[in-house]
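**Q** here are the coordinates; sequence isn't available:
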């Protein structure tokens with residue numbers, strides 16, 4: 001990834017699919033650096049195949065770093081935060097999300113400009129896997145939950161773990177020196193996507209009864225849901241959500257009750273529990289990690305809410321539903 005950066009203004013760099021996934025540079029790694037005036041920067045870039053590439057960056061900026069990347073095609077990013085933090089957001093939305101150490105984020109660009117801001121004076125490390133969205137749509141073409149996740153423009157926090165080791169070491173150590181290396185790297189990149197996305201895409205949204213709402217209100221509620229589900233650990237206040245759609249918080253809750261039969265935060269609680277139930281089936285995370293990833297303040301609070309909702313504890317539910325293999329990527333090679 002290349003980004004032209006100014007300490008005073010955000011510069012726009014056009015990056016298209018041909019630039020990211022050119023067959024001419026599929027094998028081996030190469031390195032890029034920003035101008036020395038920006039600070040210490042290194043971008044290790046590997047072209048895995050025509051549709052997948054990855055970048056490992058280590059940066060210590062002299063001034064706040066602002067970049068705007070304009071993707072000419074729909075690109076899906078899987079971001080692993082290793083050290084330091086950066087803020088990401090889309091052009092025109094006014095909303096930003098923070099990638100911290102241990103975070104895993106999915107960003108679906110849908111040909112929309114993506115902004116990144118990284119504060120000066122802190123070492124920042126992250127690994128970003130980039131997939132053409134066309135490739136992923138082909139892989140998930142028979143999965144409605146996956147299709148919903150990969151449609152539109154969105155930022156979704158897939159998870160967090162205390163230790164910033166995401167199973168990417170083997171992929172990063174791959175020399176990409178021949179066809180066999182690249183084939184193995186492709187399978188690893190897809191396995192990582194399956195591992196982190198699976199608990200998210202299998203969470204169903206509750207049916208929405210919108211007949212009593214206007215077209216504008218339906219669009220407003222969609223925006224609220226996108227905001228609530230983008231990061232379950234840090235939802236905005238009801239007041240902030242109401243301001244987002246230019247409503248009073250009373251009217252917002254009234255619209256939510258018309259659509260979902262419950263208030264905003266009751267809906268969010270149910271969604272968190274559904275996400276947690278999916279994690280119990282799909283992931284190897286322990287109960288405490290799942291509780292925090294889904295926005296519960298403690299494992300005991302999560303266990304109590306889960307048992308009230310489903311009639312069994314999280315451990316009992318996991319025992320009743322043997323988890324699937326997260327290394328099974330057969331769906332991705334149809």
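**A** Perfect, thanks for sending it. Keep in mind the model is a prediction, meaning the values are calculated, not measured. Numbers count the residues shown, from 1 in each chain.

**Q** quick one, what contacts residue 95?
**A** Each residue near residue 95 by Cβ atoms under 8 Å, 6 or more residues apart in numbering is listed here: 89, 227. Yep, even glycine has a C-beta here, placed from its N, CA and C like the rest.

**Q** Wasn't residue 63 part of a helix?
**A** No: assessed with DSSP: H, G, I helix; E, B strand; the rest coil, residue 63 is coil; it does not lie in a helix.

**Q** ok, how many other residues are close to it?
**A** Using other Cβ atoms under 10 Å, residue 63 has 15 other residues around it.

**Q** That one contacts residue 120, correct?
**A** Yes: with contact defined as Cβ atoms under 8 Å, residue 63 and residue 120 form a contacting pair (5.0 Å).

**Q** Identify the contacts common to those two.
**A** Common contact partners of residue 63 and residue 120 (Cβ under 8 Å, 6+ apart): residue 39.

**Q** Check which helix or strand the nearest residue to residue 123 once chain neighbours are set aside maps to.
**A** Take residue 123 and drop its neighbours on the chain: the residue closest to it by Cβ to Cβ, 6 or more residues apart in numbering is residue 60, 5.0 Å away. Residue 60 is part of strand 52-61 when elements are defined by DSSP states H and E.

**Q** which secondary structure elements does that strand contact?
**A** helix 17-21, strand 39-49, strand 123-132, helix 169-173, helix 179-201 (3 or more Cβ pairs under 8 Å, 6 or more residues apart in numbering; DSSP states H and E).

**Q** Present those as TSV; the columns should include mean neighbour count, mean pLDDT and distance to residue 89.
**A** Listed next are these as TSV, based on neighbours: other Cβ atoms under 10 Å; pLDDT from 0 to 100; distance: least, Cβ to Cβ, whole Å:
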stretch	mean neighbour count	mean pLDDT	distance to residue 89
helix 17-21	18	53	21
strand 39-49	19	92	21
strand 123-132	21	94	16
helix 169-173	13	91	27
helix 179-201	19	87	20
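
**Q** would you turn these into TSV with distance to residue 213?
**A** Below are those laid out as TSV (distance: least, Cβ to Cβ, whole Å):
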stretch	distance to residue 213
helix 17-21	38
strand 39-49	45
strand 123-132	35
helix 169-173	45
helix 179-201	26
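
**Q** Can you say which of the ones you listed is nearest to residue 161?
**A** Nearest to residue 161, of all those, is helix 179-201, at 10.4 Å by Cβ to Cβ.

**Q** what's next to the following helix or strand past the closest one, contact-wise?
**A** On the C-terminal side of helix 179-201, the closest following helix or strand by DSSP H and E is helix 215-230. Identification of contacts with helix 215-230 by Cβ under 8 Å, 6+ apart yields 95, 97, 154-157, 205, 208, 210, 213, 235-236, 241, 244-245, 247, 252, 255-256, 259, 264, 267-268, 271.

**Q** for helix 215-230, which positions count as buried?
**A** For helix 215-230, the neighbour count (16 or more other Cβ atoms under 10 Å) marks 217, 220, 221, 224, 225, 226, 227, 228, 229, 230 as buried.

**Q** From those residues, pick the one nearest residue 199.
**A** Once Cβ to Cβ is applied, the member of these that ends up nearest residue 199 is residue 229, at 13.0 Å.

**Q** gap between that closest one and residue 127?
**A** Using Cβ to Cβ, to the nearest Å, we find residue 229 at a distance of 24 Å from residue 127.

**Q** So what angle separates the directions of the helix or strand where residue 259 lies and helix 215-230?
**A** Using DSSP H and E, residue 259 sits in helix 249-260. Angle of helix 249-260 versus helix 215-230, following axes from the mean of the first three to the mean of the last three Cα atoms, to 10 degrees, is 90 degrees.

**Q** How far does helix 249-260 sit from its chain's centre?
**A** Chain-centre distance of helix 249-260: 28 Å, with Cα atoms, centre = their mean, to the nearest Å.
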